[in-house]
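> show me the folded form of this:
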Amino acid sequence: MDRQFPSYVVLGNKMRLRGESLSAKSLPKKKSFQIISAADAKAANASADQALLCKAGTLDAKKVKGKILVCLRGDNARVDKGEQAALCGAVGMVLANNQISGNEILADPHVLPASHINYTDGLALFSYTNSTRSPIAYITKATTELGTKPAPFMAAFSSNGPNTLNPEILKPDITAPGVSVIAAYTEAQGPTNQDFDTRRVLFNSVSGTSMSCPHVSGVVGLLKTLHPHWSPAAIKSAIITTARTRDNAMKPLTNASYSKATPFNYGGGHIQPNRAMDPGLVYDLSANDYLDFLCALGYNATQIQQFSNESQTYKCRDPISLIDFNYPSITVPSLKGTVTVSRKVKNVGSPGTYKARVRSPRGISIRVEPDSLKFEREGEEKGFRVTLKAKKSGVRDYVFGQLTWSDGRHYVRSPIVVKQL
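A predicted model of the protein is given here:
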């Protein structure tokens, strides 16, 4: 999201490290305190690695009291690290990312003045504390900034592809806002969701799938209200094919390490509700299409009957190829030579002619037939084929491209994911 809650850690050497926080408490303005790595404040019976994570029982309160404590992210909850620091008498805490967390920093309602900094800045901070005889620092009070760039980017905790069960189906499907979301909150527990927190708030900053899922659910409700006759597959298609893969600086979406993200990170892209209301074309599926999909996976008649509303046993049609399942993305996990994939699209807008535009994955040539589809009425369906051919010099790993159908007003974009054998 293009909103941040910056809190700076200012070191004795004048280095300013930008973090985030929602700590209600703050240190005196520009007053410096001694700062110590939690590894150097370990209890006698604890290892330096465990103490660095600021786990319960691993810190020596005599070494921590009156200082700013630096804790490493990982294992225990971020807010619990702050609680352990506070119990030992720390005046503040700096939470530094581990390498896995990269540049993803979160604004948490810590119980003491605190700031969460990224991995790169954490390395600089640990270098300062390890090389300085009497390291000092202060933490600035958190503020609110709007319209920040770049945004969005993929959270480090977000689940990634490929789909391990059915690699022919791209997962994830979509990404949506899920970091530092301001949400209504229960008063049955404190904002940190920890037993020690006796505070109560009406709203809280929350991160996770529990935040991105309601965004998508809300968009689904919007689309079902606008288009009550659309199937679940049509709604999913509208969401996936109208999503964005660029941030608000018009650059490709990145992950928490600032590397370019891929469909294995975001699926179709970042959800765009206004575009999804009028997608132009959709890739539709019926209940029987899903049953045929189960047939292709090897489910028997008894198992499939549990998913069918029909009183009679569902009879599998001719076996389908999983890569031909009419999904709004194209995934070929084991390309050897040449393969042709079939799809069909339904017009859910006004009459028009759509032309295909392809960005081929590296090492793969792609041909779309036909490359132009003319629709004369709403609800009309047209089929097309996509032929993928591996080049001899192709990469033996997943590569990514896209197919876009456009009439000049709508852009129906499908990710293409290929792995050459």
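
> what does the helix or strand containing Thr340 rub up against?
Secondary structure assignment for Thr340, by DSSP states H and E: strand 338-347. Applying C-beta atoms under 8 Å, 6 or more residues apart in numbering, the external contacts of strand 338-347 come out as 234, 280-284, 323-324, 326, 330, 332, 354, 373, 375, 377-390, 405, 412. C-beta: built from backbone N, CA, C; applies to glycine.

> just the buried members of these?
Listed as buried from the contacts of strand 338-347 are 234, 280-284, 323, 326, 330, 332, 354, 373, 375, 382, 384, 386, 388, 390, 405, 412; burial here means 16 or more other C-beta atoms under 10 Å.

> what about these, which are in helices?
Judged by DSSP state H, helices contain the following of the buried ones among the contacts of strand 338-347: Ala234.

> number of nearby residues for the closest residue to Val332 other than its chain neighbours?
Nearest non-adjacent residue to Val332, counting by C-beta to C-beta, 6 or more residues apart in numbering: Val418, 4.9 Å away. Neighbour count of Val418, defined by other C-beta atoms under 10 Å: 26.

> got it, and Ser372?
By other C-beta under 10 Å, 12 other residues sit near Ser372.

> thinking again about what came up before, which of the residues in the strand holding Thr340 are buried?
Buried-residue list, strand 338-347, by 16+ other C-beta under 10 Å: Val339, Val341, Arg343, Val345, Lys346, Asn347.

> list the contacts of the closest residue to the last one other than its chain neighbours.
Yep, that's Asn347 we're talking about. Excluding its sequence neighbours, the residue lying closest to Asn347 (C-beta to C-beta, 6+ apart) is Phe375, at 3.9 Å. By C-beta under 8 Å, 6+ apart, Phe375 lies in contact with Asn347, Pro351, Gly352, Thr353, Tyr354, Lys382.

> report pLDDT for Phe375.
With respect to pLDDT, Phe375 scores 98.

> distance of it relative to Trp405?
To Trp405, Phe375 is 10 Å away according to C-beta to C-beta, to the nearest Å.

> overlap of the contact sets of the two?
Contact criterion C-beta under 8 Å, 6+ apart; residues shared by Phe375 and Trp405: Tyr354.

> which stretch of helix or strand covers Gly298?
Under the criterion DSSP H and E, no helix or strand holds Gly298.

> what's the burial count for it?
Other residues near Gly298 come to 7 when the count uses other C-beta under 10 Å.

> and it, backbone torsions?
When read as degrees, to the nearest 10, the backbone of Gly298 gives phi 100, psi 10.

> swap in Ala238?
Main-chain torsions, Ala238, degrees, to the nearest 10: phi -60, psi -40.

> could you do Gly221 as well?
Per-residue torsions, Gly221: phi -60, psi -40 (degrees, to the nearest 10).

> number the residues from 886 up from this point.
Let's use 886 as the start, then, which means that last one is Gly1106.

> what is the burial count for it?
If you count neighbours by other C-beta under 10 Å, Gly1106 ends up with 11.

> go through stretch 1129-1138 and flag the buried ones.
Within stretch 1129-1138, the residues that count as buried by 16+ other C-beta under 10 Å are Arg1129, Thr1130, Asp1132, Leu1138.

> Gly1106: which of those is nearest?
Arg1129 (20.7 Å; C-beta to C-beta).

> pretty sure that closest one sits against His1155.
Yes. Using C-beta atoms under 8 Å, Arg1129 is in contact with His1155, at 4.9 Å.

> what do those two both touch?
Residues touching both Arg1129 and His1155 (C-beta under 8 Å, 6+ apart): Leu1138.

> quick one: Leu1107 and Pro1158 touch, right?
Yes. Counting by C-beta under 8 Å, Pro1158 is a contact partner of Leu1107 at 6.2 Å.

> so how far is the helix or strand of the chain with the lowest mean pLDDT off the chain centroid?
One helix or strand of the chain scores below all others by mean pLDDT, DSSP states H and E: helix 1186-1190, with a mean of 85. The chain centre lies 35 Å from the centre of helix 1186-1190; the measure is C-alpha atoms, centre = their mean, to the nearest Å.

> C-alpha coordinates for it, PDB please?
Provided in PDB are the C-alpha atoms of helix 1186-1190 (Å, rounded to 0.1, in the frame of the first residue of the first chain):
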ATOM      1  CA  ALA A1186     -17.100 -42.100  -9.900                       C
ATOM      2  CA  THR A1187     -17.900 -42.400  -6.200                       C
ATOM      3  CA  GLN A1188     -15.600 -39.500  -5.200                       C
ATOM      4  CA  ILE A1189     -16.800 -37.300  -8.100                       C
ATOM      5  CA  GLN A1190     -20.400 -37.900  -7.100                       C
END
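
> which residues does it contact?
Residues lying outside helix 1186-1190 but in contact with it, judged by C-beta under 8 Å, 6+ apart, are Leu1176, Leu1179, Cys1180, Thr1198, Tyr1199, Lys1200, Cys1201.

> let's see that with 7 Å instead.
Leu1176, Leu1179, Cys1180, Thr1198, Tyr1199 (C-beta atoms under 7 Å, 6 or more residues apart in numbering).

> mark which of these are buried, thanks.
In the contacts of helix 1186-1190, burial by neighbour count holds for Leu1176, Leu1179, Cys1180, Tyr1199, counting by 16+ other C-beta under 10 Å.

> just the closest of those to Asn1015, please.
The closest of these, once distances to Asn1015 are taken by C-beta to C-beta, is Leu1179, at 57.8 Å.
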